[in-house]
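A.B. asks: give me coordinates for this.
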Amino acid sequence: MFVLVKLILIRHGQSVWNAENRFTGWTDVDLSEKGVLEAEEAGQELRNQGIDVVHTSDLIRAQRTAEIVILANDSSNETVTKTDWRLNERNYGELQGLNKAETAEKHGSEQVHIWRRSFDVAPPDGESLEMTAERTIPYFEEEILPDLEAGMDVLVSAHGNSLRSIVMHIEEISPEDIVSFEIPTGVPRYYEFIEGEIKLVD
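C.D. replies: Purely as a prediction, here's the structure:
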């Protein structure tokens, strides 16, 4: 009998520093009130989706989002949660905690845009998206993919850049195109795992 296996990616709900327009990176800030509502709305959207395994980062905003989603889920029994730092947000180094608008005034909007959106340019003492992918993709191949191959439905609750790097890998998006690719907070992204292939569900 054919069994449909699902992969669902979700960026955590809005964080306190998202709301304050600050570079967050590895700083462990919690969800804002809006972020909690976004996670609850995602939970309602996913309430009938069986979820066997959740993969989250080490950061509380991703973990809380996953907890809220699973709490709303009617068809998930004894969901296993796996936490790993390799799913952490991109490290913004010296920019972490700084207001994005004020940083643009200091360094120029073009430089800040390069730090934020380019594939292979890292902010001072931080990570580029390319460097982030060097930890997220091995995690995907070593931990997430085997769960899919075992027939389990998987939710990955992580961050804008860690998920962008995984999406880039799954969907074979070029470094040139990934710079303009956005993942909104709290919105599930659905894939099907069929005969060893992962396909986006439109």
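A.B. asks: tell me where this structure has helices.
C.D. replies: Counting by DSSP state H, the chain has helices at residues 16-19, 33-45, 60-71, 100-107, 109-117, 129-139, 145-149, 160-171, 175-178.
A.B. asks: need those helices in TSV (columns: mean neighbour count).
C.D. replies: The way it works is simple: take the backbone N, C-alpha and C, and place the C-beta from them, glycine included. Converted to TSV, these look like this (neighbours: other CB atoms under 10 Å):
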stretch	mean neighbour count
helix 16-19	17
helix 33-45	19
helix 60-71	23
helix 100-107	14
helix 109-117	15
helix 129-139	19
helix 145-149	15
helix 160-171	21
helix 175-178	13
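A.B. asks: tell me, how many residues neighbour Met152?
C.D. replies: 19 (other CB atoms under 10 Å).
A.B. asks: report how many residues lie close to the nearest residue to it once chain neighbours are set aside.
C.D. replies: Excluding its sequence neighbours, the residue lying closest to Met152 (CB to CB, 6 or more residues apart in numbering) is Asp52, at 3.9 Å. Asp52 has 18 neighbouring residues, counting by other CB under 10 Å.
A.B. asks: Asn99 now?
C.D. replies: For Asn99, using other CB under 10 Å, the count is 15.
A.B. asks: report the contact partners of it.
C.D. replies: 20-22 (CB atoms under 8 Å, 6 or more residues apart in numbering).
A.B. asks: repeat for Leu59
C.D. replies: So Leu59 contacts 12, 26, 28, 88-89, 159 (CB under 8 Å, 6+ apart).
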